[in-house]
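**Q** My questions concern the predicted model and sequence given below.
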Amino acid sequence: MSKVYSLKTVQRIPISLDTAWNFFSRPENLKEITPSNLGFNIISKHHGEHMYQGQVIEYKVSPLLGIPLYWMTEITHVEDMKFFVDEQRFGPYSLWHHQHHFKAIDGGVEMTDIVHYKLPLWILGDIANTVMVRSQLRQIFAYRFSAVEKLFGIWPGVQNREVTFG
C-alpha cells in the first residue's frame, strides 16, 4: 500500500486579511499563481465567484509530458476569513486534501497551506513520489511564493517562507 504524504507551507504577505481572503477565495485567481507549464485551466461553468462549502470546480491540468488530465475538486469546508479546504473528487491522486489557512498578523497575513496526498499504484506511486511528484509539488509552491510576492509585495525582514514535507 502506498503512503500518505504531506506538505506544509507558510508565507507571510504584507496585505490585509480582507485583501488576502478576497484574492485566494476566488477560483479564477488560482491560475495567476500556478506555473504556466502545468497548462492549468478551470473548465467548470457553474463554479461561482467565491469559495463556498459544496462548491465543485473542474480543471484541466498537464503535469506530465503536456498530457491534459481532468481534475475535479470539492470545497468541503469554509470558515470565512479563516480557511477553506479542497478535496479531489476525481483526478491524478488517490487522495488530495488541501487546507488553506489565513491569519492576520502584525504587518499583514500569514497564509498556511497543508496538503495530504496519496498516489495510486501502491509501490509504483511511492517511487513516482520520490522520483518526480514531491519535486514537482515543491516547484509549484515555490512558484506560488514568488507569484504572491510579485502580486502583493515581499515581506520585510526575516524569513518569509517555510516548507515542510512529511
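**A** Here it is on my side, so go on.

**Q** Could you check the pLDDT of Val131?
**A** pLDDT recorded at Val131 is 84.

**Q** Count the residues that sit near it.
**A** 9 (other C-beta atoms under 10 Å). All C-beta atoms are positioned from the backbone trio N, CA, C, and that covers glycine.

**Q** likewise Asp106?
**A** Count around Asp106 with other C-beta under 10 Å applied: 5.

**Q** Relative to Ser94, how far out is Tyr137?
**A** No, residue 137 isn't Tyr; it's Leu. 15 Å (C-beta to C-beta, to the nearest Å).

**Q** Could you check which of those two is surrounded by more residues?
**A** Leu137 (19 against 16).

**Q** which one is that one nearest to, not counting chain neighbours?
**A** Leu7 (5.8 Å; C-beta to C-beta, 6 or more residues apart in numbering).

**Q** Name the residues linked to the one you found by a beta bridge.
**A** Val115, Phe165 (DSSP bridges).

**Q** Nice, that's everything, thank you.
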